[in-house]
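K.L.:
For reference, the sequence and a predicted model appear below.
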Amino acid sequence: MFIFDPMYFIVLAPAILLALWARTRMMSAYAQARQQPAPLSGAAAARYILDAAGLQNVPIEPTPGQLSDHYDPQQKVLRLSVENFEERSLAAVGIAAHEAGHAIQDAERYAPLALRSLAVPAASFGGTGGLGLLILGAIFNVQPLIWIGLVLFGGIAVFQLINLPVEYDASARAKRLLVSTGIVPADEMPYVNKVLNAAALTYVAGTLESILQLGYYAMLFLGGGRSNSDE
C-alpha cells in the first residue's frame, strides 16, 4: 500500500541536516560551558532569579535525563536535569536562567506562551490523528478526509511556529538576567550565549521539519505523488 519513498528524505534533507548540525553544536557548546565554573548551582541561580521576580511560589525540582530541563506552566514548576540542578557551571546557570525566563513569561502572561499552551493539544493529536486520516482518505479516496488530515497535521507546524518566539524570548531574558544579577560577568557570557544560541537552532530545525513534512504530505496526497503511494 504505502512503500518507502526516498522523496520523503529528499524533501526533509534541509531540516535533517540543520537538526544534526544544531545538535552537534549544542552538545559541543554545552560540554565547553560545563567546564567553566559559576558562583551558583543551576538550582540556586534559578531560585535567585525567580525570587527577584517575585516568584517565590514556583518550586524548582530535579528531573531525570540529560538536558531534560523545562518549565511546566500547568503545574507551575521549574524542573532541571540533575546535572544542571547540582552543578556550578556556566552551562547549568545558563539553562536554569532560560527555564526561569519561561516562568517569568508565564507570570507576566506573555501572549506567545499562552498561545503555545493552547496549541499543545492540536500538536499532540495532529501527528497520529492527522496522518491516520490522511491514510484513510487515500485508501478510500475521500478528499475531505485528506484535507482534514492535513489541517490536523498542520497543528504541529503551527505549534512549532508559535514556540520559536517563546524560546527566543526566554533566552534573551536569561542573558539579560544573568548579567544584571551578577551571576555571570559580561566577559564570560560568550559561553552561555553559545549554549542558548545553539539550543535555539534546534527549535528552528524542528519548525523547518514540521513545515517540510506538511508540504511533503500535501504533495503526496493531493499531488502526483499520491498515485505512486497507492500502488
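P.N.:
In hand now; what should we look at? Numbering: from 1, shown residues only.

K.L.:
tell me the pLDDT at residue 94?
P.N.:
For residue 94, the pLDDT comes out at 98.

K.L.:
Correction: the previous question concerned residue 122.
P.N.:
84.

K.L.:
Next, count neighbours for it.
P.N.:
With neighbours defined by other CB atoms under 10 Å, the count for residue 122 comes to 18. Quick note: C-beta positions are derived from backbone N, CA and C, even for glycine.

K.L.:
Check residue 113 too.
P.N.:
Neighbour tally, residue 113, other CB under 10 Å: 22.

K.L.:
what's the answer for residue 111, then?
P.N.:
By the criterion of other CB under 10 Å, residue 111 has 12 neighbours.

K.L.:
Counting neighbours, which bits of the helix or strand residue 118 falls within end up buried?
P.N.:
Using DSSP states H and E, residue 118 sits in helix 111-125. Within helix 111-125, the residues that count as buried by 16 or more other CB atoms under 10 Å are 112-113, 115-116, 119, 122-123.

K.L.:
Specify which member of the residues you listed is nearest to residue 155.
P.N.:
Nearest to residue 155 among the buried residues of helix 111-125: residue 122, at 3.4 Å, using CB to CB.

K.L.:
if I look at that closest one, how far off is residue 151?
P.N.:
From residue 122 across to residue 151, the span is 9 Å (CB to CB, to the nearest Å).

K.L.:
show me the contacts for the residue positioned nearest the centre of the chain.
P.N.:
In the chain, the C-alpha nearest the mean C-alpha coordinate belongs to residue 203, at 4.9 Å (CA atoms, centre = their mean). Contacts for residue 203 (CB atoms under 8 Å, 6 or more residues apart in numbering) come out as 160, 163-164, 167.
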